[in-house]
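[1] with the input below, show me the fold.
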Amino acid sequence: MLKQRIITAVILAPLALCAILFLPLLGFELFIAFVVAAGAYEWANMSGIKPRPQKVIFALLILFSLLFLIYWVPTNQIWYQGALNGLYKYILGVAVIWWIVSLLMILAYPRYTAVWRNSKLIRCLFGLLTLIPTWVAVVSLRSHMYGIDPFYGASLIFYVLGIVWAADIGAFFVGVKFGRHKLRPNVSPGKTLEGLLGGVGASTAIIAFAALHYQVDPSRIWLHLMIGGLTVAVSALGDLNESMLKRCAGIKDSGKLLPGHGGVLDRIDSLTAAFPVFAYCYVMWMA
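    Numbers count the residues shown, from 1 in each chain. Have a look, this model is predicted:
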């Protein structure tokens, strides 16, 4: 298992790095669209859909939705005069509302689940609210200031990845050593409050470094720290949300596409919450 995980990581890490840094915007949009579509296939499985043709249909629905957005909003119109396209901004706002609702669902679980846990349609709707904003967020960040500095948007993406991964590593080690109070045992028994706090603490170094790198005005550092901390906290919500849906579906992994790692969603679950929330905050208060 460990050997499979290492081989998969060695293959995927350079691929993702090259896509973020070197693909033109249109190519990057298409690349992320196909990654999200692969996640949509797995989401259909978590929604209780078993026949493969139906899972393919859901994946194609997500893919065609993203292709429509690519057609409707050309790369040179994603940002105009420093403002994000209105449709993309609206989608990010809807995502923020969805993650607030998701938080309430996780806090209440397993109570009040009868409305959605037995409905494949509603759980697929959850997928639309999760996956499409993730694509919009990543594309919005990557394309910001592209005409001035083609790598500026890439640095924003790496920033989110950095603080989320630092939080995951910190949460793991602190949780193993000091974890006593379960975060949501009915949803994900392995996660603890101590682990969450450890993750937030570990990500603080990345947030502080970014504040220096971007030469944040001293009067706005508090805002930078608050949004970074919120992004880290929300990333845990994305993880818990997927765990809740997998528990309802009675499955351990979202898929088997990545040997040793499970499915695509198992690798990006925390990012599906972190990217939209960070992108919305960035658009509203940091751009």
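[2] surely residue 73 is in contact with residue 84?
    No: the pair residue 73 / residue 84 is not scored as a contact, 10.0 Å apart, by CB atoms under 8 Å. Yep, even glycine has a C-beta here, placed from its N, CA and C like the rest.
[3] compare those two (neighbour count), which wins?
    Summary of the neighbour comparison: residue 73 and residue 84, criterion other CB atoms under 10 Å, with residue 84 having more neighbours (24 against 20).
[4] how close does the more buried one sit to residue 66?
    Taking CB to CB, to the nearest Å as the measure, residue 84 falls 17 Å from residue 66.
[5] what's the answer for residue 31, then?
    Applying CB to CB, the value for residue 31 to residue 66 is 11 Å.
[6] ok, the two, which is more surrounded?
    It is residue 66, of residue 31 and residue 66, that has more neighbours when counted by other CB under 10 Å, with 23 against 16.
[7] average pLDDT for the one helix or strand the more buried one maps to?
    With secondary structure defined by DSSP states H and E, residue 66 is part of helix 52-72. In this model, helix 52-72 carries a mean pLDDT of 97.
[8] please save the CA atoms from that helix in PDB.
    Output of helix 52-72 as PDB, limited to C-alpha atoms (Å, rounded to 0.1, in the frame of the first residue of the first chain):
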ATOM      1  CA  ARG A  52     -22.000   2.900 -14.200                       C
ATOM      2  CA  PRO A  53     -23.900   4.600 -17.000                       C
ATOM      3  CA  GLN A  54     -25.800   6.800 -14.500                       C
ATOM      4  CA  LYS A  55     -22.500   7.700 -12.800                       C
ATOM      5  CA  VAL A  56     -21.100   8.600 -16.200                       C
ATOM      6  CA  ILE A  57     -24.100  10.800 -17.000                       C
ATOM      7  CA  PHE A  58     -23.700  12.700 -13.700                       C
ATOM      8  CA  ALA A  59     -20.000  13.200 -14.500                       C
ATOM      9  CA  LEU A  60     -20.800  14.400 -18.000                       C
ATOM     10  CA  LEU A  61     -23.500  16.800 -16.500                       C
ATOM     11  CA  ILE A  62     -20.800  18.400 -14.400                       C
ATOM     12  CA  LEU A  63     -18.300  18.500 -17.300                       C
ATOM     13  CA  PHE A  64     -20.700  20.100 -19.700                       C
ATOM     14  CA  SER A  65     -21.700  22.700 -17.100                       C
ATOM     15  CA  LEU A  66     -18.000  23.600 -16.700                       C
ATOM     16  CA  LEU A  67     -17.500  23.700 -20.500                       C
ATOM     17  CA  PHE A  68     -20.500  26.000 -20.800                       C
ATOM     18  CA  LEU A  69     -18.900  28.300 -18.200                       C
ATOM     19  CA  ILE A  70     -15.600  28.200 -20.200                       C
ATOM     20  CA  TYR A  71     -17.600  29.200 -23.300                       C
ATOM     21  CA  TRP A  72     -19.800  31.800 -21.600                       C
END
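[9] which is the next helix or strand following that helix?
    If you walk from helix 52-72 toward the C-terminus, the next helix or strand you reach (DSSP H and E) is strand 79-80.
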